[in-house]
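**Q** no sequence for this one, just the structure:
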């Protein structure tokens, strides 16, 4: 039973390019959460999704950022026209429909570097 | 803000000593969780305490929760160098989980 899988582990993009980060939740988990972590800081909530639904995107910038969790396939966090300030580690977590009663399972993260 | 806030920001102790980290929050919660993060890695779930619980143990970990004060503490007993990591509390309400900035624990051998 694989855990939460994120890919790629490292991503380098030039300013203005698009970044696509993928997250496959644990088997049986239907809730996905994306967090951003800047160096030496905590995790900042970005967006919470269920299959085909965005539940809460209050932590996600209104422009250039979007997220989806389609019926089939992984959840995608998409950053358009990346800027240097987007450089961070992006973590995905998943939980079952019952919620986080036993804690959330995190992926190993994608480290985005914008050059 | 529902987000937890850890205290202290950094803690340095000798191996064998106990480490205590605190977390405060501002809103109602269903549960509070503690996570550990080694440098450059993902988060690992350590322990979850529900809002109707006051204390919980797991190995060398002891977590307390005081909902009247909206605070929690994580105690690591008999620390080891391998416990060196950042520790985060996360407050959860209805499938919505928010993290604090973490406590960086250094355990010197």
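**A** Sure, I can see it. Quick caveat: nothing in here was measured; it's all calculated off a predicted structure.

**Q** only C-alpha atoms for contact and neighbour calcs from this point on.
**A** Noted.

**Q** Now for residue 30: which residues touch it?
**A** I went with chain A, as the question did not name one. A:50, A:51, A:94, A:95, A:96, A:97 (Cα atoms under 8 Å, 6 or more residues apart in numbering or on different chains).

**Q** To clarify, I was referring to chain B.
**A** If a contact means Cα under 8 Å, 6+ apart, then residue B:30 has B:50, B:51, B:91, B:92, B:93, B:94 as its contacts.

**Q** Could you identify which of the contacts of residue A:30 has the most neighbours?
**A** Across these, neighbour numbers were computed from other Cα atoms under 10 Å in any protein chain shown; residue A:94 holds the maximum, 29 neighbours.

**Q** So that residue belongs to a strand, correct?
**A** Yes - when classified by DSSP: H, G, I helix; E, B strand; the rest coil, residue A:94 is found to be part of a strand.

**Q** Would you confirm that it contacts residue A:3?
**A** No - in this structure, residue A:94 is not within contact of residue A:3 by Cα atoms under 8 Å, at 9.2 Å.

**Q** Spit out the residues that contact these two alike.
**A** Counting by Cα under 8 Å, 6+ apart, the residues touching both residue A:94 and residue A:3 are A:25, A:26, A:105, A:106.

**Q** Give me the number of neighbouring residues for the residue in chain B that chain A sits nearest to.
**A** Per Cα to the nearest Cα, the residue of chain B with the smallest distance to chain A is residue B:101, at 3.8 Å. For residue B:101, the number of neighbouring residues by other Cα under 10 Å comes to 22.

**Q** can you give me phi and psi for it?
**A** Here the main-chain torsion angles of residue B:101 (degrees, to the nearest 10) amount to phi -80, psi -10.

**Q** Surely it and residue B:10 touch.
**A** No - in this structure, residue B:101 sits apart from residue B:10 without contact. The criterion is Cα under 8 Å, and the distance is 10.7 Å.

**Q** Show me which residues of chain B sit near chain A.
**A** For chain B, the residues found near chain A under the criterion Cα under 8 Å from any Cα of the partner chain are B:31, B:33, B:41-45, B:47-48, B:88, B:92, B:94-102.

**Q** Show me where chain A dips below the pLDDT cut-off.
**A** A:1-2, A:98-102 (pLDDT under 70).

**Q** Please report how far the closest residue to residue A:5 other than its chain neighbours lies from residue A:72.
**A** For residue A:5, the nearest residue in space outside its immediate sequence neighbours is residue A:24; the separation is 5.1 Å by Cα to Cα, 6 or more residues apart in numbering or on different chains. Spatial separation of residue A:24 from residue A:72 under the definition Cα to Cα, to the nearest Å is 10 Å.
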